[in-house]
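Turn this into a model:
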Amino acid sequence: MAKQKKQLKHIAVAGNIGSGKTTLTELLAKHYSWEARFEDVENNPYLNDFYQDMPRWSFNLQIYFLNSRLRQLVEIQDGDKIVIQDRTIYEDAHIFAPNLHEMGLMSTRDFENYISFFRTICKQVQPPNLLVYLKASLGTLVGQIERRGRAYEDNIRLDYLKQLNQYYDNWIDNYKEGPLLVINVDDLNYADKKEDFGKVVEKINAELFGLF
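Take a look at the predicted model:
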């Protein structure tokens, strides 16, 4: 049994802006006594500039996130603890960068450079043992973004969020890297309702037991 537990090393939580990734990551880390790794939002030197001028700062922001998540993955692979990660390295390359490029907010030259770098990185890292995807409607995303009241998110455009959701759906439909659990969060309030969190835990337990 100890050998089986050691095989479980990395759980990742994916989802659009406002889907509840950070909250669920915190709750699951506490419930399972896992170590949590979060997005570097507060110390990100590009995020505020990006939301004010996306074309100018899109490439810088994506490189910053890519480097931050790569550093987390190296720490996970080198460590001996079970880690739950808030957002994956795949989302940067399959969702955020392509969306910025399609919207004309990242140049083709920068996008191709970014994707080439990502592909090189992916050869050096292992996918998560389980990917938990939080699927949310546009209304749910907007409501949660408004409730948390982050100043730098005031300028997020609805068309930006909508296109991100479309990219997420396409990515998840074609995800082949490992075990996947999709949770629709539109009718869940795991932050405030223990029974809703219990439903999520039951689903995760079923997936984790299936890993071994």
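
what's the helix or strand hosting Asp196 packed up against?
Asp196 is part of helix 194-211, with elements assigned from DSSP states H and E. For helix 194-211, the elements it packs on are helix 21-32, strand 130-135, strand 180-184, judged by 3 or more CB pairs under 8 Å, 6 or more residues apart in numbering; DSSP states H and E. Glycine gets a C-beta too; all of them are placed from N, C-alpha and C.

Quick check: mean pLDDT of the first one?
pLDDT averaged over helix 21-32 equals 96, rounded to a whole number.

what's the answer for the second one, then?
Here the mean pLDDT over strand 130-135 is 97, rounded to a whole number.

From the contact counts, what lies against it?
Using 3+ CB pairs under 8 Å, 6+ apart: strand 130-135 touches strand 10-15, helix 21-32, helix 158-173, strand 180-184, helix 194-211.

So which of those is nearest Leu141?
Nearest to Leu141, of all the helices and strands packed on strand 130-135, is helix 158-173, at 5.6 Å by CB to CB.

Check which helices and strands that closest one sits against.
Packed next to helix 158-173, using 3+ CB pairs under 8 Å, 6+ apart, are strand 10-15, helix 89-91, helix 97-102, strand 130-135, helix 138-148.

Point out where this structure drops to low pLDDT.
Along the chain, the parts satisfying pLDDT under 70 run over 1-6, 149-155, 210-212.

In it, which residue is most central in space?
Centroid-nearest residue in the chain, with CA atoms, centre = their mean: Arg87, separated by 2.0 Å.

That one is in contact with Arg69, isn't it?
Yes: using CB atoms under 8 Å, Arg87 is in contact with Arg69, at 7.2 Å.

heading toward the C-terminus, what's the first helix or strand past the longest helix anywhere in the chain?
Counting residues, the longest helix found in the chain (DSSP state H) is helix 54-78. Using DSSP H and E, the helix or strand that directly follows helix 54-78 along the chain is strand 83-86.

C-alpha coordinates for that next one, CSV please?
Taking Å, rounded to 0.1, in the frame of the first residue of the first chain, the C-alpha atoms of strand 83-86 are listed here in CSV:
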residue,chain,number,x,y,z
VAL,A,83,1.1,18.1,-4.5
ILE,A,84,-2.1,19.6,-5.8
GLN,A,85,-1.5,22.4,-8.4
ASP,A,86,-3.8,25.3,-9.2
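
Can you tell me which helices and strands it packs against?
Partner elements for strand 83-86 (3+ CB pairs under 8 Å, 6+ apart): strand 10-15, helix 21-32, strand 35-37, helix 54-78.

Report the distance from the shortest one to the chain centre.
A distance of 13 Å separates the C-alpha centroid of strand 35-37 from that of its chain, computed with CA atoms, centre = their mean, to the nearest Å.

follow-up on the earlier one: and of the helices and strands packed on strand 83-86, who's closest to Leu134?
It is, among these and with distance given as CB to CB, strand 10-15, at 3.4 Å.
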